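> Predicted model follows, preceded by the sequence.
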Amino acid sequence: MAKKKASPKSSKKGIETKNKNPINQEEGFKFNLLSLGVAGGVIGGLFVLFASLSALMNAAPTFVSIIKEIYGPFGYAPENILKSVLGIIYGFIDGFIVAVIFGWIYNKISHI
């Protein structure tokens, strides 16, 4: 007797699984907005952390002045750890928002 081949959408137990490939032939590639936002948030938070460390070491004064203009007293204050942590959180939120907006716009115009 010939064995039947299992369909690619079914597992050994007969439960159908979804194809999690982000590339669809009709729509093209789509970003996962939450994952993209978290990645952008981590980069934004690390950016502000780097600025805080630069201020602590008195290095890169131009870089620190840019962060100072964006976040005010938060994010560059090495004398107060709470302000530095708040700056990292603000950097995460900013990076998250920018990345989600970028991904949303890309997803909308990618299949036009």
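Now that the structure is in, tell me what you want to look at. Numbering: from 1, shown residues only.

> Sketch out the low-pLDDT regions of the chain for me.
Applying pLDDT under 70 to the chain flags residues 1-27, 73-78.

> Leaving out sequence neighbours, find the closest residue to the most centrally placed residue in it.
Of all residues in the chain, the one closest to the mean position by C-alpha atoms, centre = their mean is residue 39, 2.2 Å from it. Here the nearest residue to residue 39 in space, its sequence neighbours aside, is residue 99; by C-beta to C-beta, 6 or more residues apart in numbering that works out to 6.4 Å. Glycine gets a C-beta too; all of them are placed from N, C-alpha and C.

> How about residue 36?
Ranked by C-beta to C-beta, 6+ apart and with sequence neighbours excluded, the top spatial neighbour of residue 36 is residue 103, at 4.3 Å.

> follow-up on the earlier one: is the residue nearest to the centre of the chain part of a helix or strand, or is it coil?
Residue 39 falls in the helix class when you classify it by DSSP: H, G, I helix; E, B strand; the rest coil.

> With the one 3 residues further on instead?
Following three-state DSSP, the label given to residue 42 is helix.

> do the one 10 residues further on as well
Following three-state DSSP, the label given to residue 52 is helix.

> what's around it, how many residues?
The local packing count at residue 52 equals 23, with neighbours defined by other C-beta atoms under 10 Å.

> I figured it was touching residue 85, is that so?
No: with contacts defined as C-beta atoms under 8 Å, residue 52 does not count as touching residue 85, sitting 9.1 Å away.

> quick one: the residue nearest to residue 36 is in a strand?
No: read with three-state DSSP, residue 103 is helix and lies in no strand.

> could you measure it against residue 38, distance?
According to C-beta to C-beta, to the nearest Å, residue 103 stands 11 Å off from residue 38.

> So between the two, which is more surrounded?
The residue with more neighbours, out of residue 103 and residue 38 and counting by other C-beta under 10 Å, is residue 103; that gives 20 against 16.

> which residues touch that one?
Residues counted as contacts of residue 103 (C-beta atoms under 8 Å, 6 or more residues apart in numbering) are 31-33, 36-37.

> Got a PyMOL select line for the buried ones in these?
Selecting only the buried entries of those in PyMOL, with 16 or more other C-beta atoms under 10 Å as the criterion:
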select buried, resi 31+33+36+37
